[in-house]
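# sequence first, predicted coordinates after that:
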Amino acid sequence: MSTKILKALILGAPASGKGTISSRIVKRYPMVHVSSGDKLRDHIEKQTKLGMEVKKYLNEGKLVPDEVMIKFMITELKNVTNKSWLLDGFPRTIGQANALWKVQPVDVVLNLVVPFEVIIDRVKNRWVHLPSGRVYNIGFNTPKVEGLDDITGEDLVQRPDDKPEAVRHRLEIYESTTRPVIDFYKKKGILSKFEGRTSDEIWPKVVNFLDPLFENDIKS
Ligand code: G5P
Ligand code: MG
């Protein structure tokens with residue numbers, strides 16, 4: 001058993017590898033991965049009321065308004081009881097960071113730093129399995145059968161917001177809106193930076209950081 005429940009965030013520009021690193025983290029440590037983007041895409045796929053409301057924002061690479069996001073994500077987090085969690089994609093604005101801090105102060109923040117030119121190249125080759133959020137990248141983690149999810153055999157799709165103009169927009173928003181969130185956690189003294197051009201380069205640094213926090217609770 002862990003000595004305590006760890007509340008962690010993973011931050012980083014669009015396509016910096018948050019989803020990729022998070023899936024490795026939850027394989028190795030007893031944590032629940034809560035990705036705002038995966039959850040929103042699932043709502044869009046299922047055509048729920050929330051899904052219909054947020055679809056246009058995601059497709060254009062714009063942020064969903066704070067009031068919608070805060071209510072949604074804080075409810076999602078309440079469903080994770082007695083387990084360490086890893087939040088991915090939320091908070092993304094100072095308003096969201098303040099709202100989260102009031103209800104759930106976090107313990108550690110992992111900030112992934114990948115050069116923008118690497119990111120722009122990467123998104124062209126990304127394919128996702130919408131129901132699970134599993135991501136593939138041709139040449140990096142290519143699916144066993146082209147266009148199909150390895151586990152379920154269901155179709156993979158490309159994200160509408162991976163179109164070059166939407167990616168550019170997402171990177172601009174990241175610079176202007178999410179950068180202050182990084183400073184917010186830096187000031188709290190809980191931000192750790194993990195730098196690299198590939199997820200394989202970043203991963204051992206994450207392991208070095210998290211292993212001591214989980215001690216006897218490492219799964220693989
Ligand atoms: P998301 O879903 O949070 P982003 O833009 O923050 O979207 P994204 O695109 O999901 O982040 P990621 O999770 O950081 O990227 O990266 P990833 O999926 O693991 O990796 C990207 C690609 O690179 C994959 O194909 C992967 O296989 C590949 N890859 C990884 N490592 C390597 C490597 O080393 N080499 C190579 N070659 N490839 C690699 O948010 C989406 C939208 O939802 C809304 C917004 O509209 C947002 O734009 N939203 C919110 N709006 C407001 N507030 C919030 N809090 C919101 N959260 C979501
Ligand atoms: Mg992601």
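Structure's in. What do you need? Ligands and ions are numbered 1, 2, ... in the order given.

# quick check: which element contains the residue in the chain positioned nearest to ligand 2?
With C-beta to the ion as the measure, G19 is the residue of the chain nearest to ligand 2, at 3.5 Å. (Each C-beta comes from the backbone N, C-alpha and C, glycine too.) In this assignment (DSSP states H and E), G19 forms part of helix 18-28.

# and that helix, what's buried?
Within helix 18-28, the residues that count as buried by 16 or more other C-beta atoms under 10 Å are 18-25, 28.

# so which of these reach ligand 1?
Among the buried residues of helix 18-28, the ones lying near ligand 1 by C-beta under 6 Å from any ligand atom are 18-20.

# can you name every helix or strand that the one helix or strand K102 maps to contacts?
If you go by DSSP H and E, K102 is part of helix 94-103. Judged by 3 or more C-beta pairs under 8 Å, 6 or more residues apart in numbering; DSSP states H and E, the packing partners of helix 94-103 are helix 66-78, helix 179-188.

# is ligand 2 contacted by the first helix or strand past that helix going along the chain?
Reading on from helix 94-103 to the C-terminus, the next helix or strand found by DSSP H and E is strand 108-113. No - judged by C-beta under 5 Å from the ion, strand 108-113 stays clear of ligand 2, getting no closer than 10.8 Å.

# what comes up buried for the helix or strand that strand 108-113 is followed by?
Toward the C-terminal end, the helix or strand that comes next after strand 108-113 (DSSP H and E) is helix 116-123. Across helix 116-123, burial judged by 16+ other C-beta under 10 Å covers 116, 119, 122-123.

# can I get these in TSV with distance to ligand 2 and pLDDT?
What follows is the buried residues of helix 116-123, written out as TSV (distance: C-beta to the ion, whole Å; pLDDT from 0 to 100):
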residue	distance to ligand 2	pLDDT
F116	16	88
I119	12	90
R122	12	88
V123	11	89
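
# what's next to the longest helix seen in the chain, contact-wise?
Ranked by residue count and defined by DSSP state H, the top helix of the chain is helix 199-214. For helix 199-214, contacts defined as C-beta atoms under 8 Å, 6 or more residues apart in numbering pick out 2, 6, 17, 20-21, 24-25, 28-30, 108, 110, 112, 114, 140, 192, 194-196, 218.

# narrow these to those that are buried.
Counted by 16+ other C-beta under 10 Å, the contacts of helix 199-214 give 6, 17, 20-21, 24-25, 28-29, 108, 110, 112, 114, 194, 196 as buried.

# those: which two are farthest apart?
Taking C-beta to C-beta as the measure, these span a maximum distance of 23.9 Å, between L6 and V114.
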